[in-house]
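*Asks:* I need the structure of the sequence given here:
(2 chains)
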Amino acid sequence: MFHIKYVKLRVNPKNSCKMKQYDILIVDDERRYAEMLARRLGLRGLICGVCYDGKAAIDTLNDSLVSVVILDLQLPDLYGTDVLKKIKKYQPETTVIILTGHGTEKDRQECMTLGAHTFMNKPLDISRLLAIMSELKARSV
Amino acid sequence: MTNLFTKFLESLAPRFLHRDDEQLNPYYSHRDYRQMWGMGIFVLLTTCLLPLFLMTLIYYQLIERSIDTESLLRTERVASNARRAVTYLLEERLAALTFTVNEMSYAELSNHEFLSEVLRNLKLGFGGLADLSVITDTGKQVAYAGPYPLKGKDYSSQPWFMECKQNNICVSEIFTGYRDVPHIVVAVKSQQPNERFFMLRATLDTARLVQTLSTYKTGAHADIFLTNREGVLQTPSHYHLSNSDRSTLPVPQFSERTQTMTASDSEGQPIVVGYAYITTNIAPTPFILMVVKEKAGMMRIWLDLRRQINWFFAASAIIIAVVIIMTSTSMVNKLFRTDQEKAHTMMVAERNAQLASIGQLAAGVAHEVNNPLALINETAGYVKDLFTIKHQYQEDPELVEHIDSILEAVDRCGTITRQLLGFARHFDVKTQRIDLGNLVSDVLNFHKKEAEYRNIGIHVDIPENIPLIETDRGKLQQVILNLVNNAFQAINNGCSLDIRAEMAGPERVQLSIRDNGCGISEEHLEKVFDPFFTTKKEGKGTGLGLSITYGLVQKLHGNISVQSKTGEGTTFVVTLPVQVEKDSV
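*Replies:* This next block holds a predicted model:
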């Protein structure tokens, strides 16, 4: 199993993320959802960061080391694809998994073209996410 | 060939009389095709047939008038000629008798042989004389030359004797007298020196007179005869076969000239009568010459022609009527079919738009429900994780917090489901009293997320004093949904949308939906409500949204208008009555 460490991000995600190293950065405007997912993944030993909008996510990525980003498409400030473009431009090695409420086939194609690793719809199948994580871990080792 | 004929007949059947599909009725542009058809036929028939009819009538009148004039003239000519002949016949004989009575003495004339010699000579010179006699002033016939045994007869009581005694000369009416043969008596008085007088009397043969008259009789429809001044027939008349004694015609007024008049015979048929009072230079006569012509006989050619014209007119009228009816039927059929197709397209389009808005609604609901469901999924998953991964959490108070989170998400789903049910139910409901504010916020709920993501500010200003309005909730909801959708498509991220309501008079509510988006250019502004008009790229828009919205507002007895300026934004203003009659929505 992975090293279990739970990072609670309640007040200011930007500050909390500072100089950290995350296995997964969850970017979702639905705060409760993002936190709950972080808890579940935390229980499984993954270090998770949480951001609620695109700008915060980009800031976090600038300040921290993140291996996987779970990115929602509909964010209050930016569209998910814009965040994806930025990540792929400045940190192309970061794996981006799109997790959206109602992604269309067109969105899927666009995201895959832009370099997303996987495109998943909510509700999340956690075992699938864990399988992807294991695969990534295995590849990096 | 038969097929073509059947098709032709089908194209003439007035299909617009029966509308098969009741549902299409509200979409027709024209209501009363039957009236349109009838009016078309009436106007065309009147325009085509009235001039023809009037022209024929005028033609008839002209012809009749000219025939009338012509027949009067012709009759007058015949009467005039016959009058001259009869006058001449009588005058000639009167002159001969006058000459004889003045030339011969009473003694000579009362000699039977001498009188017979005179009669022979007169017969040779003039003809038409039957006998000759000398009558004394007592009325006794003293000498007689002729075929009848009349010597010694007393004529003192005869009317002609009295007349001759008084006027010196007389022409009698035609009578039979002692001899039982119709004749005319012509008598001339000769005054003797001894205050006495005698008369030379001659009897004229009527056959000569009748023959003379008959030469002026032309055709089977003409008659010529003499009457006396009381209207008693003097010569035989074809026209008075049944009543040979007295003429059925009125005795005409005295005139020195030949006259004509129109009358009708015993059967009521119109006739032309020419007449002349026969007066010789020597003596007046009791005769009136009558020429009678049947108008029908003279007008036969014209009547035949008129019958032909009537047939021609009737045939033309029938052909014109048939062609007009066929053309009108075919044209109204075409118009009706086009209208029917349009109505059908409109109906299908409205249905499609309704389906589309239901689809949009369903998508909105799925979107809204999905987020709480995802949250339930994660929270429930987390609780399960706690149980399976960390057994010590069994009595942990944190658990309650997560369960609350699940319940809260379920509550969110419930709210959305209730809204969905509320929305769907309103498609069936007809008029009801609704709160405009609630309705607007219901509709906006489905755009809340999009507005949030796109940073679109929605400002709703519906004052408390706006009354409940009685209308069809479903239709009004669709109207607002369509207008809000339109606005969302027109504006960029970060723009704003204003929805405000105010009273427009005591009975009407005005709802304005204003955006500060791209606006509509002036040339497009007047077409925005036209069906199939769209400025979106092909395949993106149907161009029906606003057209249907317009139709719905009309059905709600309201009206909709639009103001826009390119680059500054667009305002749609919907005005609705506070109360609507139930049947009409």
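
*Asks:* could you pull out the strands for chain A?
*Replies:* All strands of chain A, identified by DSSP state E, fall at A:21-27, A:48-51, A:65-71, A:95-100, A:118-121.

*Asks:* Dump those strands to TSV, plus mean neighbour count, distance to chain B and mean pLDDT.
*Replies:* Just so you know, the C-beta spots here come from the backbone N, C-alpha and C atoms, and that holds for glycine as well. As requested, those are exported to TSV (neighbours: other Cβ atoms under 10 Å in any protein chain shown; distance: least, Cβ to the nearest Cβ, whole Å; pLDDT from 0 to 100):
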stretch	mean neighbour count	distance to chain B	mean pLDDT
strand A:21-27	23	11	92
strand A:48-51	27	12	94
strand A:65-71	22	12	93
strand A:95-100	23	9	93
strand A:118-121	18	8	92
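
*Asks:* Same list (the ones you listed) but as a markdown table, adding distance to B:Gly414.
*Replies:* What follows is the strands of chain A, written out as a markdown table (distance: least, Cβ to Cβ, whole Å):
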| stretch | distance to B:Gly414 |
| --- | --- |
| strand A:21-27 | 27 |
| strand A:48-51 | 27 |
| strand A:65-71 | 28 |
| strand A:95-100 | 24 |
| strand A:118-121 | 22 |
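
*Asks:* Of the ones you listed, which is nearest B:Leu525?
*Replies:* strand A:95-100 (38.5 Å; Cβ to Cβ).

*Asks:* what's that closest one packed up against?
*Replies:* Strand A:95-100 makes packing contacts with strand A:65-71, helix A:80-90, helix A:105-114, strand A:118-121, helix A:126-140 when contacts are defined by 3 or more Cβ pairs under 8 Å, 6 or more residues apart in numbering or on different chains; DSSP states H and E.

*Asks:* hmm, who's touching the third one?
*Replies:* Put plainly, it is helix A:105-114. By Cβ atoms under 8 Å, 6 or more residues apart in numbering or on different chains, the surrounding residues in contact with helix A:105-114 are A:Leu73, A:Gly80, A:Thr81, A:Leu84, A:Lys85, A:Lys88, A:Ile98, A:Thr100, A:Gly103, A:Phe119.

*Asks:* Over to the last one?
*Replies:* Outside of helix A:126-140, the residues that reach it under the criterion Cβ under 8 Å, 6+ apart are A:2, A:23-24, A:40-41, A:44, A:46, A:67-68, A:70, A:95, A:97, A:117-118, A:120, B:381.

*Asks:* let's see it at 10 Å
*Replies:* The set of residues external to helix A:126-140 that reach it, using Cβ atoms under 10 Å, 6 or more residues apart in numbering or on different chains, is A:2, A:23-24, A:37, A:40-41, A:44-46, A:67-68, A:70, A:93, A:95, A:97, A:99, A:117-118, A:120, A:125, B:377-378, B:381-382, B:384-385.

*Asks:* pLDDT value on A:Asp107, please?
*Replies:* Among the per-residue scores, A:Asp107 holds a pLDDT of 89.

*Asks:* quick check: mean pLDDT across stretch B:22-41?
*Replies:* Here the average pLDDT along stretch B:22-41 is 82.

*Asks:* Straight-line length of that stretch, end to end?
*Replies:* Counting by Cα to Cα, to the nearest Å, you get 27 Å between the two ends of stretch B:22-41.

*Asks:* same question, stretch B:209-221
*Replies:* OK, stretch B:209-221 end separation, Cα to Cα: 21 Å.

*Asks:* List the buried residues for it?
*Replies:* Using 16 or more other Cβ atoms under 10 Å in any protein chain shown as the test for burial, stretch B:209-221 gives B:Leu209, B:Val210, B:Thr212, B:Leu213, B:Tyr216, B:His221.

*Asks:* can you check stretch B:281-294 too?
*Replies:* Of the residues in stretch B:281-294, those with enough neighbours to count as buried (16+ other Cβ under 10 Å) are B:Ile282, B:Ala283, B:Thr285, B:Pro286, B:Phe287, B:Ile288, B:Leu289, B:Met290, B:Val291, B:Val292, B:Lys293, B:Glu294.

*Asks:* how distant is that stretch from the center of its chain?
*Replies:* Here stretch B:281-294 is found 54 Å from its chain centre; the criterion is Cα atoms, centre = their mean, to the nearest Å.

*Asks:* next one: stretch B:220-240
*Replies:* Worked out by Cα atoms, centre = their mean, stretch B:220-240 lies 51 Å from the chain centre.

*Asks:* Low-confidence bits of chain B, can you list those?
*Replies:* Flagging of chain B using pLDDT under 70 yields the residue ranges B:1, B:239-244, B:391, B:394, B:419-430, B:531-534, B:536-544, B:580-585.

*Asks:* Quick one: name the residues of it near chain A.
*Replies:* Residues of chain B lying close to chain A by Cβ under 10 Å from any Cβ of the partner chain are B:363, B:366-386, B:388-390, B:393, B:398, B:402, B:405-406, B:408-409, B:449-450, B:452-455, B:493.

*Asks:* run the last query once more with 8 Å
*Replies:* Counting by Cβ under 8 Å from any Cβ of the partner chain, the residues of chain B lying close to chain A are B:363, B:366-367, B:370-371, B:373-379, B:381-382, B:385-386, B:389-390, B:402, B:405, B:449, B:452-453, B:455.

*Asks:* Selecting buried members of those residues in ChimeraX, what would you type?
*Replies:* Of the residues of chain B next to chain A, the buried ones can be selected in ChimeraX as follows, counting by 16+ other Cβ under 10 Å:
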select /B:367,370,371,373,374,375,376,377,378,379,381,382,385,386,402,405,449,453
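
*Asks:* Reformat the buried residues of stretch B:281-294 as JSON lines; add distance to B:Tyr88.
*Replies:* Below are the buried residues of stretch B:281-294 laid out as JSON lines (distance: Cβ to Cβ, whole Å):
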{"residue": "B:Ile282", "distance to B:Tyr88": "12"}
{"residue": "B:Ala283", "distance to B:Tyr88": "14"}
{"residue": "B:Thr285", "distance to B:Tyr88": "12"}
{"residue": "B:Pro286", "distance to B:Tyr88": "18"}
{"residue": "B:Phe287", "distance to B:Tyr88": "13"}
{"residue": "B:Ile288", "distance to B:Tyr88": "17"}
{"residue": "B:Leu289", "distance to B:Tyr88": "13"}
{"residue": "B:Met290", "distance to B:Tyr88": "18"}
{"residue": "B:Val291", "distance to B:Tyr88": "17"}
{"residue": "B:Val292", "distance to B:Tyr88": "22"}
{"residue": "B:Lys293", "distance to B:Tyr88": "23"}
{"residue": "B:Glu294", "distance to B:Tyr88": "28"}
